[in-house]
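1. Okay, sequence plus prediction incoming.
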Amino acid sequence: MHYTGHPTVLAFSKCNYNCLSFLRPKDFPTLQNDTFLRAARGEETEHVPVWCMRQAGRYLPEFRESRAGKDFFDTCRSPESCCELTLQPLRRFPFDAAIIFSDILVVPQAMGMDVLMVAGKGPTFPDPLKEPEDLQRLRTAVDVEKELGYVFKAITLTRHKIEGKVPLIGFTGAPWTLMAYMIEGGGSNTYSKAKRWLYRHPEASHMLLRMLTDVIVEYLLGQVAAGAQALQVFDSHAGILGPVQFKDFSLPYLRDIARRVKDKLKETGQDVPMIVFAKDAHYALEDLSQSHYEVVGLDWTIDPRSARERTGGKVSLQGNMDPCALYSPKDRISEIVQKMVEGFGTRGYIANLGHGLYPDMDPENVGAFVEAVHQHSKLMIKQI
Ligand SMILES: Cc1c2[nH]c(c1CCC(=O)O)Cc1[nH]c(c(CCC(=O)O)c1C)Cc1[nH]c(c(CCC(=O)O)c1C)Cc1[nH]c(c(CCC(=O)O)c1C)C2
């Protein structure tokens, strides 16, 4: 790690997790590039801001090197490692935002479940929830500060170390997506075990979703208190639900999260933009645009112009290039980006991929994507 500059930060690099407490969420460096925050609020910008989901990831050789031989969740619990991994993509590309390195599955861990990262298989719950009685195994009153304080420390440290270059995004998994993992025990094609609960045990499902929502609200507020400047809620498995079940088992909780976080932040005069990314839930676009989130994230199966029409200018939009378009040659990437930016328009728009980067992607093409967004959008904005 290359800790330079401030003496407290230098001292910091030599100490371990327990002595991070002196680094308080205050006196953060002044933000120099607020393009992402302005776009989230629908304000004017000089260019369209851009970041990528999974920008801190295995497509970067330095990421693979830092992670080599280390347990994934041990890495998540090390604020220094999370900080380093968050900063890596910023050293290479002029992204307009950073997202804290962590994982959505730290929330089920905080609720008392074991989650392991198994090589070649992905996240695995050795003892998933099988029947409603298993809800008794979960912690009822989760001490979020105690269980997830390591994420807050990572955010505070990273916000200092980013030196105000770009805003730092905090995130969480949405209740439905977390519930799906807790019952399924890992990734799945059908999520049929989790969906079985929705049809067979609707009350227990709502109980679990409410428990998750309560933890998530505290978790997001803790992230803001620690220094997060925007928040994204990932409902990665929204698409598997379909419109009826989404309305019943996901949307009310997504709304509740945004409302409760915003109400609480208002009390302290804070205003932090929130992004909802419900992957493959195009059927819910109208509802999502009226769910108290400033930004709706889109996957690549939605046409930019129709997304604008359906959301009626109520929200900013984020997305949505097919990640696989990054396998194209660079000039083709530039053409695809140009069409995408034309489709969304330059106001109230944050460029991103429609989902995360894959490990086999060429970092150079990621750079070409970022550059194309900046270049095309600057020209378009000048012509307005
Ligand atoms: C880089 C990484 C992460 N998690 C995992 C990896 C790969 C494993 C490794 O590097 O060792 C395991 C890891 N964690 C998860 C998975 C998917 C498992 C599956 O469904 O099969 C994997 C491989 C679960 C997870 N984790 C996350 C989501 C939501 C986003 C999405 O839909 O991809 C989900 C579904 C969020 C997440 N996860 C991560 C971030 C970091 C910040 C960034 O984006 O740069 C974020 C935002 C980090």
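-> The structure has been received and is ready for your questions.

2. Write out the residues of the stretch 101-250 of the chain neighbouring the ligand.
-> 101, 103-105, 122-123, 171, 187, 234, 236 (CB under 6 Å from any ligand atom). Just so you know, the C-beta spots here come from the backbone N, C-alpha and C atoms, and that holds for glycine as well.

3. Of the residues you listed - the most surrounded one?
-> Phe101 (26 neighbours; other CB atoms under 10 Å).

4. ok, for it, nearest residue in space, not its chain neighbours?
-> Among residues not flanking Phe101 along the chain, Leu85 sits closest, at 4.0 Å (CB to CB, 6 or more residues apart in numbering).

5. OK, contacts around that neighbour?
-> 56, 63, 66-67, 75, 101 (CB atoms under 8 Å, 6 or more residues apart in numbering).

6. Now the residue in the stretch 51-200 of the chain positioned nearest to the ligand. Nearest residue, chain neighbours left out?
-> Proximity of the stretch 51-200 of the chain to the ligand (CB to the nearest ligand atom) peaks at Gly187, 2.2 Å away. Distances taken as CB to CB, 6+ apart place Gly122 nearest to Gly187, at 5.2 Å, with adjacent residues excluded.

7. Could you list the low-pLDDT ranges of the protein?
-> 1-24 (pLDDT under 70).

8. in it, which helix has the most residues?
-> helix 202-226 (DSSP state H).

9. Now Lys314. Nearest residue, chain neighbours left out?
-> In space, Lys314 is closest to Ser289, 4.7 Å off (CB to CB, 6+ apart).

10. Look through the stretch 251-384 of the chain and state the residue closest to the ligand.
-> Counting by CB to the nearest ligand atom, the stretch 251-384 of the chain gets nearest the ligand through Gly356, at 4.5 Å.

11. For that residue, give me its contacts.
-> So Gly356 contacts 52-54, 57, 323 (CB under 8 Å, 6+ apart).

12. Can you report how many residues lie near Ser102?
-> For Ser102, using other CB under 10 Å, the count is 24.

13. nope, Arg210 is what I meant
-> 13.

14. Tell me who's in contact with it.
-> Contacts of Arg210 by CB under 8 Å, 6+ apart are Tyr253.

15. Determine the angle, from 0 to 180 degrees, between the helix or strand hosting Phe152 and helix 202-226.
-> Per DSSP states H and E: Phe152 is located in helix 144-161. Taking axes from the mean of the first three to the mean of the last three CA atoms, to 10 degrees, one finds helix 144-161 and helix 202-226 inclined to each other by 40 degrees.

16. what sits up against the helix or strand that helix 144-161 is followed by?
-> Following helix 144-161 in sequence order, the next helix or strand is strand 168-173 (DSSP H and E). With contacts defined as CB under 8 Å, 6+ apart, strand 168-173 is touched by 51, 86, 97-100, 102, 104-105, 107, 155, 158-159, 162, 181, 216, 219-220, 223-224, 226-236, 275.

17. Next: stretch 32-44.
-> 31, 45-49, 51, 96-97, 164-167, 229-230, 273, 275, 294-295, 315-316, 347-350.

18. try stretch 129-139
-> Contacts for stretch 129-139 (CB under 8 Å, 6+ apart): 110-113, 182-183, 197, 201, 204, 207-208, 211.

19. give me every residue that touches the nearest residue to Tyr358 once chain neighbours are set aside.
-> The shortest distance from Tyr358 to any non-neighbouring residue, by CB to CB, 6+ apart, is to Pro323 (6.1 Å). Neighbouring residues of Pro323 by CB under 8 Å, 6+ apart: 300, 353-358, 361.

20. Mind checking which of the residues you listed are buried?
-> 300, 353-357, 361 (16 or more other CB atoms under 10 Å).

21. Make CSV out of the residues you listed and add secondary structure and distance to Thr35.
-> Converted to CSV, the buried ones among the contacts of Pro323 look like this (DSSP: H, G, I helix; E, B strand; the rest coil; distance: CB to CB, whole Å):
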residue, secondary structure, distance to Thr35
Trp300, coil, 23
Leu353, strand, 18
Gly354, coil, 21
His355, coil, 23
Gly356, coil, 22
Leu357, coil, 21
Met361, coil, 24
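
22. JSON lines please, covering these and showing distance to Arg38.
-> Listed next are the buried ones among the contacts of Pro323 as JSON lines, based on distance: CB to CB, whole Å:
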{"residue": "Trp300", "distance to Arg38": "25"}
{"residue": "Leu353", "distance to Arg38": "21"}
{"residue": "Gly354", "distance to Arg38": "23"}
{"residue": "His355", "distance to Arg38": "25"}
{"residue": "Gly356", "distance to Arg38": "25"}
{"residue": "Leu357", "distance to Arg38": "25"}
{"residue": "Met361", "distance to Arg38": "28"}
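
23. can you pick the most crowded of the contacts of Gly356?
-> Cys52 (26 neighbours).

24. Isn't it up against Phe95?
-> Yes: counting by CB atoms under 8 Å, Phe95 is a contact partner of Cys52 at 7.3 Å.

25. re the thing from before, list, out of the contacts of Gly356, those positioned next to the ligand.
-> Restricting the contacts of Gly356 to those near the ligand - CB under 6 Å from any ligand atom - leaves 53-54, 57.
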